[in-house]
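1. here is a sequence with its predicted model. Questions after.
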Amino acid sequence: MPIRANKKRYEKLMIICSCILHLELPYVQSLKGRRSVTNSMKEKLKAFNVSVMDISGEYAKEADIAFVFLSPNALKATQYREKIEQMLERNFSEYHFELEYEEI
C-alpha cells in the first residue's frame, strides 16, 4: 500500500512595485548634461536596492527613470516608495519630478 505524504504548501506573496520617475530638467542644455543628472539619480536609487533603468527619449530637458522593487505587502511598498520620494526631494530639489507607480 503506497504511503502519501501530507504536503503543506506555503505561499508567500510579494508585491512588485513598478515606478517611473518623470523629470523636468530646465537647466540642462545637452544630452550629456541630462546623462550626468540621471546617472547621479540612478546611483542614489541603487542604495535602496532597486532595479533601475534610464528610459529617456531624445529631448535633453526631460528624463524618465524606471525602477522596480519587491515588498512583502502593500503597506511596506508604500512606505518604501515614500522614503525614496523623500530622498529625491532632499537631494534633487532643483528639479521638478513626478512619480508614477503601479503595485502588482
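-> On my side now, so go ahead. Numbers count the residues shown, from 1 in each chain.

2. from here on, just use CA atoms for contacts and neighbour counts.
-> Fine.

3. now the helices for this protein?
-> 31-46, 74-91 (DSSP state H).

4. center of the protein - which residue?
-> Central residue of the chain (Cα atoms, centre = their mean): residue 67, 2.9 Å from the mean position.

5. dump the residue contacts of it.
-> Going by Cα atoms under 8 Å, 6 or more residues apart in numbering, residue 67 touches 18, 19, 20, 50, 51, 52, 53.

6. beta partners for it?
-> Beta bridges link residue 67 to residue 19, residue 52 when assigned by DSSP bridges.

7. just use 108 as the starting number from now, easier for me
-> All set: I'll call the first residue 108, so the last point we hit is now residue 174.

8. residue 173 touches residue 127, doesn't it?
-> Yes - in this structure, residue 173 is within contact of residue 127 by Cα atoms under 8 Å, at 4.4 Å.

9. so what sits against both of the two?
-> With Cα under 8 Å, 6+ apart, residue 173 and residue 127 have no common neighbours.

10. which among the contacts of residue 174 count as buried?
-> By neighbour count, with 16 or more other Cα atoms under 10 Å, the contacts of residue 174 hold 125, 126, 127, 157, 159 as buried.

11. distance to residue 203 for those residues - can I get that in TSV?
-> As requested, these are exported to TSV (distance: Cα to Cα, whole Å):
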residue	distance to residue 203
125	20
126	16
127	14
157	21
159	19
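
12. now for those residues, which pair is the farthest apart?
-> With Cα to Cα as the measure, no two of these lie farther apart than 127 and 157, at 12.3 Å.
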